[in-house]
Structures are given as structure tokens and as C-alpha cells.
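K.L.:
Pasted the sequence and its predicted model underneath.
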Amino acid sequence: MFINFANGAGPHPEYNASGVIINGTVDNGAIWKFNTKSSIWTNVTPSGISRAWGGISVDPSNSNRVVASTINNYQQQGSEGYGDRIYLSTNGGTSWTDVIARGYTLDPNGCTWIAGHAIHWAGSIEFDPFDTKKVMVTSGNGIFSNINIDLASTPWKFDIIGLEETVPLDFISIPGGFNFSAIGDYDGFKHDDPTAYAPIHNPRTGTTTGISYAALNTNKLLRTGNEMYYSTDQGISWKSSTTKGAKGKVAISANGNTFLHCPEKSTTTYYSTNNGASWTPCNGLSIGGAFPVADPVNSNKFYAYGNGTMYVSTDGGLNFAASGNPGAGGSNRVQTAPGKEGHLWVALYYGGFTRSVNSGQSFSKINGVSTCSAVGLGKAAPGSTYFTIYIWGTVNNVTGVFRSTDEGANWTRINDDAHEYGGPGNGQFIIGDMDVYSRVYMSTAGRGVAYGESSSVTALESEENLLADSGSFSSINCFPNPFQKEITIKSEQDFTYSIYDLTGKVQETGHGYGSVLAGNQLTSGTYIVKVQSINGNKVQKVEKK
């Protein structure tokens, strides 16, 4: 029997508000072996290593093969940064091989952002019981696997397809542009296709808490986290700004000339008119943790909600004054409507849901919504003259994700009880896609960004409207899109598929395992592909050239 030890629970020390370690330095430990027949303990810690140990596993087919991982130990891992060490013994712990020092290469497995990130917080390491040459280890950024740990040349694969544990904190959908996420620990991403890995924001700052864009100058973006950066080319490149404090939330005026920033735990919101080179406190706004938002039409207007009051600035953030009262106890994430000056939507939690069309001077309650935690807008439905409204709320005593195509007069639930994800979690957002009707994104509590998309085909809309977990950005894929001859439908499990034309008529059906080629007999046009498998369901609009 092998037991590993650490002087703390990990994965790192616990600090108090002053930065002093108060519980477990997690910097020392050992590995001991116990002979159950002789009751003798033996210290089998690898020579020269006194760090804390995280995981240990014994080969179920050979008790002399043991693998162990350190924790909270930052040493060079090839060219990928600093992280933990992994040790392999083939003689019951008498001697060990430092697998990382022996030679470490990374297989990103198609994940665009993992390069430069090491295996760390390695709290669990296991042999594959069906193939004990293979080892898997947990890390603060996912799971890594090595298909043959006996060989120095075998890369460590970032093995997270189908898994998702990121914490989304903010999200924007730019009309005619890209979608951008702000993520805890791992910056956030520039999204073009929700089913594919996206490029990470660069320069990186770690936890990113807020992101915003200029409604009339959509190439200009601002994001904040441990540092602040702005972009003038819709996220292709970023330039550094100064700040008056880390993290928090940001807003950009419609023309892109003014930044607002309320740092985390601050009661002061600041404005800048020189791309963040200098900042001045906003007068009349002392909301703790304010979430400023810009009017999408009037570049002089900004809004912030708190203490039951909507505060409005009409001079570019210099001064704020109390306007109307939407109700107390609501979400500070106020939703504006692109191209509509003064249109505000406010989720009031147990107070329901309200809106204003006059820059917050007065508010009208949305009937039929008894609770509302998050509200977002997306592309209008065909034939509608206003944006689609999405909420996480309660309608007719049912709580879930709802959509309205008539400004809140009627609501349709678009998820089900199996696709709730714990609600909008940390980020408390639900955001409609500004370019794809019926596509909606929702924050979760450590489950990544969940997204759902109903088919625009009426025959499918009531049948397939489940939110899909973005996870590794879907284990079901249809590609290429558009396609010329055939489209590949791929899933890790058995699946069935149906292809519909835009009248809702079935054009092709089939089933497969792994992947199939479909659509060979289709004529040029737009179609809806519906795929069902044990991993979940997917509906995707595709085009044949």
C-alpha cells in the first residue's frame, strides 16, 4: 500500500485578506509504502524531492509499477511553462523516473489556447485499468493523458473533449462581428463558431471579468481583469491601458471615445477619454461594484443600476444623476438594445422583469414573469421588428430559459429540465446572438458557456430547443459548412440524423458511429441537420453550394 502526504489540502496555500498563509503551505510531503504482511513502513519518496504530493496510483496488473504526482510544485515543463512533476517507479518505489525531466512534449489536441500552460495542481493521477501503459492526470486547466508513460517520446495529450469547467464572467455578441467571452483564470476567447475551439485573448491576463464594445465603432473593444487592454481591430490585437484597480466591469461609449471602469470591490467608477492613459472619478455614482453600460446610440449617455435606482450620465460619464426607479434588489447587469437610444431591460430577480424606453426616466413591468435573474437581447425573429428577448426566469411557475419575439408579451421556454446547468451561475448573463436568430448563450457555475439554438424551421422549433453544453465546444460536429458534395456528421457515440429543408420536410435520414458522409443527393440550398446521440442533441443550419 502506498500513501502520499502533503502539508495542506491544496491545491495551493490558503491566504487571508492580508496575503498571509493561514492554512497549509502545501510545500512539503513524502511517499510512504506499507507492507500489509510485515506491518513495516518504508519511506519511498523520490530522492531529493521534499515537495507536497498530490496523486498516486498503483498499476492493477503489476503492483511494482507506481505513478505519483506532486502538487503546488512549479518547475519547468519543456517549453510550456512551470508546473508539477510526475514520477514513475517500476520496482515498488525503490527508484523513480522523473517523467517530466526525462522529456516533455504537449499534444494540444486541437485546443488553440493550451500552448504555454503546464500541468499543475496535479491532485489525482491514475493508470488506465484497461491499458496500464496509459496514465491520466488532473490539472488546474483540464486533464492530460499519456498513452505510453514508459516511453520518453510519448506526448502528453490535453484530453478534455467533452469536458468543461471554466467560469464565464462576461460575454458580448457584436452585430455583424464576433462574439467575445471573459473567463475566470483563462482570459476569454474570440468566438466565430461555438462548436470549435477559439483563439484566446492575447496578451493574457488570467481572470478577465469584464468586456465591452463600442456600438457605433464595433472594432473598438475593452476588457479588464488583472490588467486592462483595448482593441481597435475587434480583438486581432490589444493595447495596454492603465487602471485605478483590477477586475470589475467596463463600458465604452457608442463612438468608442470614452471608457468607464468600476474596479472590483470599488465604490468609485472612473472615466477616461484617452484610451485609459488617465482616469477621473465619475461624480454622483458611488455604487459598490457598479456595472456601467453605454447607450448604443448616444455617445454621451451611460447607465448604472444600484440600490433600486437607475443612474444616468448625459455628459460622457463626468456626472451621474438618479433617474427612475426600476425596483430594488435587481441584477446590476442592465441590457441595452443596439440602435435604440434609451432602451433598457432590467432583471429584478424575485421582483420580476422591467424595461424603459426613455433612458430610465420610467419603467414598465413585464407581465407574466414572476422572477428574472438575467436578460439578454439577440437577433430579431423573421418578421419581427424588435430584438428577441431572452431571460433566465420564471413564467407560469416554470423556471428556465425563455424567449420572447414580441417584446415580452409572450414567452416560450427553450430549454428543458435536463438542460438547466444550475442557472446563469457566476456570470449571471444570458446573451442572444446578434447575427443568428434563436441562438443564445448562458453563463454557468463552472460549466463553461452553455448555448442553444432552435431551428428556424417551424416544424422543428418545438421539438428541438434544448440548450447544448458548449463543453469542449460539442462532441457532435457537422463539417465543412458550407459544403459542396457531402457533409461529415461526427459523434463519439452512436447517433441518428435527419436533414430537413426550410419547409420542415425531411430530405434524408440515417445513423452511424464515429462519422458518416451525408447530403450527397441534396441540391444546392440551406438545410437543417438534426443529430441525436447519447452525448446529447444538436441542430445546425448548413448550406450546400
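P.N.:
Received, thanks. Numbers count the residues shown, from 1 in each chain.

K.L.:
Low-confidence stretches in this structure?
P.N.:
455-475, 503-504, 534-536 (pLDDT under 70).

K.L.:
Would you map out the domains in it?
P.N.:
2-158, 476-544 (automatic domain parsing).

K.L.:
could I get the ones you listed as CSV with mean neighbour count?
P.N.:
Where C-beta positions appear, they are placed from N, C-alpha and C, glycine not excepted. Below are the domains of the chain laid out as CSV (neighbours: other Cβ atoms under 10 Å):
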stretch, mean neighbour count
domain 2-158, 17
domain 476-544, 17
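
K.L.:
Can you lay out the ones you listed as a markdown table showing distance to Val375?
P.N.:
Listed next are the domains of the chain as a markdown table, based on distance: least, Cβ to Cβ, whole Å:
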| stretch | distance to Val375 |
| --- | --- |
| domain 2-158 | 30 |
| domain 476-544 | 24 |
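
K.L.:
Which among these is found nearest to Asn307?
P.N.:
Nearest of the domains of the chain to Asn307, taken as Cβ to Cβ: domain 2-158 at 25.3 Å.

K.L.:
any idea how far the closest one is from the chain center?
P.N.:
Mean-position distance between domain 2-158 and its chain equals 27 Å (Cα atoms, centre = their mean, to the nearest Å).

K.L.:
With stretch 245-264 instead?
P.N.:
Taking Cα atoms, centre = their mean, one finds the center of stretch 245-264 at 21 Å from the center of the full chain.

K.L.:
let's have the chain start at 59 instead
P.N.:
Taking 59 as the first residue, the last one we looked at is stretch 303-322.

K.L.:
which of the residues in it are buried?
P.N.:
Residues of stretch 303-322 classed as buried by neighbour count (16 or more other Cβ atoms under 10 Å): 303-321.

K.L.:
which residue ranges form the strands in the stretch 259-408 of the chain?
P.N.:
Here the stretch 259-408 of the chain has its strands, by DSSP state E, counting those that start in this stretch, at 266-272, 275-283, 286-289, 297-299, 307-310, 317-320, 328-330, 338-339, 351-352, 360-364, 367-371, 379-380, 393-395, 398-405.

K.L.:
strands paired with the second one, and their directions?
P.N.:
Note on strand 275-283: by DSSP bridges, its sheet partners are strand 266-272 (antiparallel), strand 286-289 (antiparallel).

K.L.:
what's the answer for the fourth one, then?
P.N.:
The sheet places strand 297-299 alongside strand 286-289 (antiparallel), with pairing taken from DSSP bridges.

K.L.:
just checking, Val574 touches Thr546?
P.N.:
Yes: look at Val574 against Thr546 with Cβ atoms under 8 Å: they come within range, at 7.5 Å.

K.L.:
Looking at the domains of the chain, spot the one closest to Met286.
P.N.:
So among the domains of the chain, domain 60-216 is nearest, using Cβ to Cβ, at 20.2 Å.

K.L.:
For the closest one, measure first residue to last.
P.N.:
Start-to-end span of domain 60-216 (Cα to Cα, to the nearest Å) is 27 Å.

K.L.:
contacting residues for Thr326?
P.N.:
By Cβ atoms under 8 Å, 6 or more residues apart in numbering, the residues touching Thr326 are Lys302, Cys320, Pro339, Cys340, Leu343, Ser344.

K.L.:
before we move on, what about Leu402?
P.N.:
Per Cβ under 8 Å, 6+ apart, neighbours of Leu402: Tyr361, Met368, Pro384, Val392, Gln393, Thr394, Arg413, Ser414, Ser417, Gly418.

K.L.:
Also His259?
P.N.:
Phe238, Asp245, Gly246, Phe247, Lys248, Thr266, Arg281, Tyr287, Gly293, Trp296.

K.L.:
Swap in 6 Å and give it another go.
P.N.:
Listed by Cβ atoms under 6 Å, 6 or more residues apart in numbering, the contact partners of His259 are Asp245, Gly246.

K.L.:
Quick check: the gap between it and Arg505.
P.N.:
The gap separating His259 from Arg505 is 21 Å, by Cβ to Cβ, to the nearest Å.

K.L.:
Could you do Leu406 as well?
P.N.:
Taking Cβ to Cβ, one finds Leu406 at 25 Å from Arg505.

K.L.:
Comparing the two, which shows the higher neighbour count?
P.N.:
Leu406 (25 against 21; other Cβ atoms under 10 Å).

K.L.:
and the more buried one, what does it touch?
P.N.:
Going by Cβ under 6 Å, 6+ apart, Leu406 touches Gly385, Gly388.

K.L.:
separation between it and Asn93?
P.N.:
Distance of Leu406 to Asn93, given as Cβ to Cβ: 65 Å.

K.L.:
any chance you could map the strands in the stretch 109-258 of the chain?
P.N.:
With DSSP E, counting those that start in this stretch, the ranges of strands along the stretch 109-258 of the chain come out as 111-116, 124-128, 133-134, 140-141, 144-147, 155-156, 164-165, 183-186, 189-197, 200-204, 214-216, 226-231, 237-241, 248-249.

K.L.:
Need those strands in a markdown table (columns: distance to Thr327).
P.N.:
Putting the strands of the stretch 109-258 of the chain into a markdown table (distance: least, Cβ to Cβ, whole Å) gives the following:
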| stretch | distance to Thr327 |
| --- | --- |
| strand 111-116 | 42 |
| strand 124-128 | 44 |
| strand 133-134 | 42 |
| strand 140-141 | 37 |
| strand 144-147 | 47 |
| strand 155-156 | 51 |
| strand 164-165 | 42 |
| strand 183-186 | 46 |
| strand 189-197 | 37 |
| strand 200-204 | 36 |
| strand 214-216 | 39 |
| strand 226-231 | 16 |
| strand 237-241 | 18 |
| strand 248-249 | 27 |
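
K.L.:
thought Phe553 was touching Ser591?
P.N.:
Yes: between Phe553 and Ser591 there is a contact under Cβ atoms under 6 Å: 3.7 Å.

K.L.:
Tell me where this structure has helices.
P.N.:
Here the chain has its helices, by DSSP state H, at 157-160, 516-519.

K.L.:
hmm, back to that, among the contacts of Leu402, which one sits closest to Val124?
P.N.:
Among the contacts of Leu402, and counting by Cβ to Cβ, the member closest to Val124 is Gln393, at 54.9 Å.

K.L.:
and the closest one, what are its bridge partners?
P.N.:
Trp403.

K.L.:
what about it, distance to Cys320?
P.N.:
17 Å.

K.L.:
In the beta-sheet assignment, what are the partners of the closest residue to Ser573 other than its chain neighbours?
P.N.:
Using Cβ to Cβ, 6 or more residues apart in numbering and skipping the chain neighbours, the partner closest in space to Ser573 is Lys548 (4.1 Å). Lys548 forms beta bridges with Asn535, Ser573, as assigned by DSSP bridges.

K.L.:
Quick check, Lys548 in contact with Ile534.
P.N.:
No: with contact defined as Cβ under 6 Å, Lys548 does not reach Ile534; the gap is 7.2 Å.

K.L.:
Thanks a lot, see you next time.
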